[in-house]
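S.K.: Mind looking at a prediction? Sequence and model below.
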Amino acid sequence: MEAVYLEQLEPAPTPLGGKARQLVDCLELRLVNLLLEPGETVAEHSAPVEVVFLVLEGSGSISAGENRLAVEKGQFLTCPPGIMRSVEAGREGLNLLVVRAPNH
């Protein structure tokens, strides 16, 4: 067991937009700290599993299918499998914890 500060992990660019810190990546679970600068977006995509988004800092919007929700610090939402989704940061940027389980 090891305790690590998020700031100790260097974020890397993602293919869909933004930067991410990979926290856990195994068969059962993927846990990512997603960082978006103000106005930055994550392109529309889908996943074959349920995904949970937890807003750590900032604000923005998350689109899933035909729905678009404004989100802010302290909120979380779930997105069902197979639904097209995208993320857009607001004026303050957006810092999310993204949980994907299982990680197929």
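M.R.: Sure, I can see it. Numbers count the residues shown, from 1 in each chain.
S.K.: only C-alpha atoms for contact and neighbour calcs from this point on.
M.R.: Noted.
S.K.: What pairs with the longest strand along the chain, parallel or antiparallel?
M.R.: Longest strand in the chain, counting residues (DSSP state E): strand 85-100. The pairing partners recorded for strand 85-100 under DSSP bridges are strand 30-36 (antiparallel), strand 41-45 (antiparallel), strand 51-64 (antiparallel).
S.K.: and it, how far out from the chain's middle?
M.R.: 5 Å (C-alpha atoms, centre = their mean, to the nearest Å).
S.K.: next one: stretch 23-38
M.R.: Relative to its parent chain, stretch 23-38 has a centroid offset of 7 Å by C-alpha atoms, centre = their mean.
S.K.: In that stretch, which residues are buried?
M.R.: Across stretch 23-38, burial judged by 16 or more other C-alpha atoms under 10 Å covers 30, 31, 32, 33, 34, 35, 36, 37, 38.
S.K.: How about stretch 46-55?
M.R.: 46, 47, 49, 50, 51, 52, 53, 54, 55.
S.K.: May I see these organised as a markdown table, with pLDDT added?
M.R.: What follows is the buried residues of stretch 46-55, written out as a markdown table (pLDDT from 0 to 100):
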| residue | pLDDT |
| --- | --- |
| 46 | 93 |
| 47 | 90 |
| 49 | 92 |
| 50 | 93 |
| 51 | 95 |
| 52 | 97 |
| 53 | 97 |
| 54 | 98 |
| 55 | 98 |
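S.K.: Please convert those residues to a markdown table, extending it with distance to residue 70.
M.R.: Listed next are the buried residues of stretch 46-55 as a markdown table, based on distance: C-alpha to C-alpha, whole Å:
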| residue | distance to residue 70 |
| --- | --- |
| 46 | 19 |
| 47 | 21 |
| 49 | 22 |
| 50 | 19 |
| 51 | 17 |
| 52 | 15 |
| 53 | 12 |
| 54 | 13 |
| 55 | 11 |
